[in-house]
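> how does the following fold in three dimensions:
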Amino acid sequence: MSEENQNITRIHIDGKELILIGTAHISKHSAEQVKEVIEAENPDSVCIELDEQRYQSIMDGNKWRDMDIFKVIKEKKATLLLMNLAISSFQRRMAKQFGINAGQEMIQGIESAKAINADLVLADRNIQTTFSRVWRGVGLKGKGILLMQVIGSIFTKETISEEDLEKMKSQDMLDSMLADMTANFPKLKKPLIDERDQYLSQKIKDAPGKKIVAVLGAAHVPGIKVEINKEHDLERLSQVPPKSKVPKIIAWLIPIFLLSIIAYTFYSNPDAALQQTISWVLWNGSLSAIGVAIAFGHPLAFLTAFVAAPITSLDPITAAGWFAGFVQAYFVRPNVGDFENLAEDVHSVKGFWNNKVTRILLVVVLANLGSSLGTFIGGADVIRLFFENL
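Numbering: from 1, shown residues only. Just a heads-up that it's a prediction; the model follows:
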C-alpha cells in the first residue's frame, strides 16, 4: 500500500517503511524537500540515486585536476568522456539558470544522512555499465539518434521556468513521457529506465533498518513502485553484454577487400591502381583533417590526421584521431586552469571549443568521424575505379 503527497511516496513492505522522494535534478525546491523529509522522518538509511563513481565525483571537487588526458586517449575513452561532458552540460545550464548546483538534492541527501548518522546507500547502477548496456543495445540506428541528441544538447539554448520544472515531477506527465519513450525508442528506455528501476528498487528494499528514505529522480518513482514488489538479481543487472564479433569481423574484412582490389588493379592496370590509391589517400586524409580543423586543432594535428587516416583506416586496431589527439595534447597542453574551468566551460559551445581539454577530445572524435566518412567515400571510389577498368 502506498500514499502520495507532494512528490512523496510511502510504501510498506516486509515490515519496512520506504519513503521515496521524487526530485528534479535541477530544482531548488527538491533539495529543500530532501532536507525537510530526512530531518522529519529520521530514517535508519538514506538511499541516493548515485553509484560509487558519481559519488566520488561529487565528493572530490578537484577530480578534473588529476585527469591524464594522454591516458584518456590511450584507453580509447575520449568519445565516452566527451559524451559525458555534453550530457551534463544541458543539466548544468538549467541548474545555473536557477542558481543551484546540478544534483544538489543528492548532495543534500548525503549531508542530511551524515547529520543524523543514518546509513548512506549508493543505490544506482554503475554509470559505465548503464552506458555500455545502452550503447550495445540500441543498434546502429539507435547510436546515431543518441549521438545526435547528445550533440544537440550542447547547442540548445532552452530555458524553463520553475513552474515547468515542478510540472515535470507530476506522475501523469511522467507516465505520459515514459509511454512516449517506449513507443518511439523502446531499446533506449530498457537499460536507461527499466533496468535501473529494478536495480534501485532492490537496493532500496535491501537497505538496512526499518525506515528508509530514497532520493530519486522523479522519472524512476512510477517504475520503482511496480518493481519493489519483485526480487531482482543485481549481479545480472550489472553484467555488461559481450561485444558482438560481427563488427570486428567486418572491420577486418573491409580493408582486406579494398587492399585486394587495389592489388589486383595494380597487376592489371597500374595507372588505375594509382588513381585508386590517390583517391583513398585524399578522401581519408582530407576528411579526417577537416575534422581537426572544425575542432580548431593545431596545424601539426591537422597534418597528422591527413597522414594517419589513410593508414589507420586499413588497420582496425588504431585510429587517426588518437594520433591527432596526442599531437594536439603535446603542442597545446592543457594547464591547471583548463581542468579547473572544465565544469563551467561545458555550459556553452564556445566553452567546448575554447577549453584545451575539450578541444583535444573534439580533435580525437571529429578526426575519427572524418576518417570513417572518408573510408566509406574513398572505398566506394576504389570500387568504382576497379569496375571501370576491368
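> C-alpha only now, for contacts and for neighbours.
OK.
> just the buried residues of the longest helix along the chain, please?
Within the chain, and with DSSP state H defining each element, the longest helix by residue count is helix 356-388. Judged by neighbour count using 16 or more other C-alpha atoms under 10 Å, the buried positions of helix 356-388 are 356-379, 381-382, 385-386.
> which other helices and strands contact that helix?
helix 78-97, helix 245-268, helix 270-294, helix 299-312, helix 320-331, helix 336-340, helix 349-354 (3 or more C-alpha pairs under 8 Å, 6 or more residues apart in numbering; DSSP states H and E).
> quick check: closest non-adjacent residue to residue 121.
residue 47 (4.6 Å; C-alpha to C-alpha, 6 or more residues apart in numbering).
> how confident was the prediction at the one you found?
Looking at residue 47, its pLDDT is 96.
> that one: helix or strand, and which one exactly?
Using DSSP states H and E, residue 47 falls within strand 45-48.
> contacts for that strand?
Strand 45-48 has contacts (C-alpha atoms under 8 Å, 6 or more residues apart in numbering) with 106, 109-110, 113, 118-124, 204, 207-209, 211-216.
> these in strands, which ones?
119-122, 211-216 (DSSP state E).
> in stretch 36-46, which residues are buried?
37-38, 42-46.
> phi and psi next, for residue 11.
Note on residue 11: backbone dihedrals following degrees, to the nearest 10 are phi -130, psi 130.
> can you check what angle separates the helix or strand hosting residue 22 from strand 211-217?
Residue 22 belongs to strand 16-23 when assigned by DSSP H and E. Here strand 16-23 runs at an angle of 20 degrees relative to strand 211-217 (axes from the mean of the first three to the mean of the last three C-alpha atoms, to 10 degrees).
> any idea how far strand 16-23 is from the middle of the chain?
Strand 16-23 sits 28 Å away from the centroid of its parent chain (C-alpha atoms, centre = their mean, to the nearest Å).
> what lies in contact with it?
7-12, 30, 34, 105, 169, 204-205, 209-221.
> what mean pLDDT does stretch 203-222 have?
For stretch 203-222, the mean per-residue pLDDT is 92.
> oh sorry, the question was meant for stretch 254-262
In this model, stretch 254-262 has a mean pLDDT of 90.
> could you do stretch 297-304 as well?
96.
> and the contacts of it?
Contacts for stretch 297-304 (C-alpha under 8 Å, 6+ apart): 289-290, 292-293, 320, 323-325, 327-328, 331-332, 359-360, 363.
> and of the buried residues of stretch 36-46, the nearest to residue 281?
residue 46 (58.5 Å; C-alpha to C-alpha).
> show me the beta-bridge partners of that closest one.
For residue 46, the beta-bridge partners are residue 120, residue 213 (DSSP bridges).
> burial count for the residue nearest to residue 286 when sequence neighbours are not counted?
In space, and not counting its chain neighbours, residue 286 is closest to residue 306: 5.8 Å by C-alpha to C-alpha, 6+ apart. Look at residue 306: counted by other C-alpha atoms under 10 Å, it has 26 neighbours.
> residue 306 contacts residue 284, doesn't it?
Yes: contact criterion C-alpha atoms under 8 Å: residue 306 and residue 284 qualify, at 7.3 Å.
> okay, and residue 57 sits in which element?
helix 52-59.
> got the CA positions of that helix in CSV?
Provided in CSV are the C-alpha atoms of helix 52-59 (Å, rounded to 0.1, in the frame of the first residue of the first chain):
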residue,chain,number,x,y,z
GLU,A,52,30.3,4.9,-6.5
GLN,A,53,31.9,6.7,-9.4
ARG,A,54,29.4,9.6,-9.4
TYR,A,55,29.5,9.8,-5.6
GLN,A,56,33.3,10.2,-5.7
SER,A,57,33.0,12.8,-8.4
ILE,A,58,30.7,14.9,-6.2
MET,A,59,32.9,14.4,-3.1
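> chain center to that helix, what's the gap?
16 Å.
> for stretch 298-316, same thing?
How far stretch 298-316 lies from its chain's middle: 26 Å, per C-alpha atoms, centre = their mean.
> got the CA coordinates for that stretch in PDB?
In PDB, the C-alpha atoms belonging to stretch 298-316 read as follows (Å, rounded to 0.1, in the frame of the first residue of the first chain):
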ATOM      1  CA  HIS A 298      46.900  22.600 -34.000                       C
ATOM      2  CA  PRO A 299      48.300  22.700 -37.600                       C
ATOM      3  CA  LEU A 300      50.500  19.700 -36.800                       C
ATOM      4  CA  ALA A 301      47.500  17.800 -35.500                       C
ATOM      5  CA  PHE A 302      45.800  18.700 -38.900                       C
ATOM      6  CA  LEU A 303      48.800  17.300 -40.800                       C
ATOM      7  CA  THR A 304      48.900  14.200 -38.600                       C
ATOM      8  CA  ALA A 305      45.300  13.400 -39.200                       C
ATOM      9  CA  PHE A 306      45.800  13.800 -43.000                       C
ATOM     10  CA  VAL A 307      48.800  11.400 -43.000                       C
ATOM     11  CA  ALA A 308      47.500   8.900 -40.500                       C
ATOM     12  CA  ALA A 309      43.900   8.500 -41.700                       C
ATOM     13  CA  PRO A 310      44.600   6.600 -44.900                       C
ATOM     14  CA  ILE A 311      46.800   4.100 -43.000                       C
ATOM     15  CA  THR A 312      44.700   3.700 -39.800                       C
ATOM     16  CA  SER A 313      41.500   3.200 -41.900                       C
ATOM     17  CA  LEU A 314      43.200   0.000 -43.100                       C
ATOM     18  CA  ASP A 315      44.000  -1.100 -39.500                       C
ATOM     19  CA  PRO A 316      41.000  -1.700 -37.200                       C
END
